[in-house]
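Novice: Sequence and predicted structure are below.
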Amino acid sequence: MAATLEVESTLTDRYQTTVPETVRRALRLGKRDKIHYTIRPGGEVVLTRAEDSEEDDPVLGQFLGFLARDIATHPERLQAIDVSFVQRLQSLTGGIEVDLDAPLSADDE
């Protein structure tokens, strides 16, 4: 059985930390790479390297490619969003405050 390697890091006042070198090497992380967190029911958190979503989802990549080709081939098909549509969206969402830093509730996850 392989030995378990353990490392620690410290949170700053802004809840930031440096990923220890041993973890960066194990996950093959470079600058600007993303980290994926999996939180298990017992409170254990597993860090893995986040993969590029376009590369992971060939259907999404093909769809985005289709859109790019269609826009390049037929730019005349592009239409501006109607002002009344924007106003309708604003009337439905106006006054709703959103704190992007607030944790999600269990219902929102």
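Specialist: Yep, it's here. Numbers count the residues shown, from 1 in each chain.
Novice: I'd say residue 7 and residue 22 touch.
Specialist: Yes: between residue 7 and residue 22 there is a contact under CB atoms under 8 Å: 5.2 Å. C-beta here means a position set from N, CA and C on the backbone, and glycine is covered the same way.
Novice: Now the element after whatever helix or strand residue 25 lives in, going C-ward?
Specialist: Using DSSP states H and E, residue 25 maps to helix 21-27. Using DSSP H and E, the helix or strand that follows helix 21-27 in sequence is strand 35-39.
Novice: Following element in sequence after that next one, please.
Specialist: Next helix or strand after strand 35-39 toward the C-terminus (DSSP H and E): strand 45-49.
Novice: elements contacting that next one?
Specialist: helix 21-27, strand 35-39 (3 or more CB pairs under 8 Å, 6 or more residues apart in numbering; DSSP states H and E).
Novice: Run me through the strand neighbours of it, direction for each.
Specialist: Applying DSSP bridges to the sheet, strand 45-49 is found paired with strand 35-39 (antiparallel).
Novice: and the partner strand, average pLDDT?
Specialist: Across strand 35-39, the average pLDDT comes to 91.
Novice: Could you do stretch 92-104 as well?
Specialist: In the prediction, stretch 92-104 has an average pLDDT of 86.
Novice: likewise stretch 70-87?
Specialist: Stretch 70-87 comes out at a mean pLDDT of 91.
Novice: Pull the contacting residues for residue 76.
Specialist: Applying CB atoms under 8 Å, 6 or more residues apart in numbering, we find residue 76 in contact with no residue.
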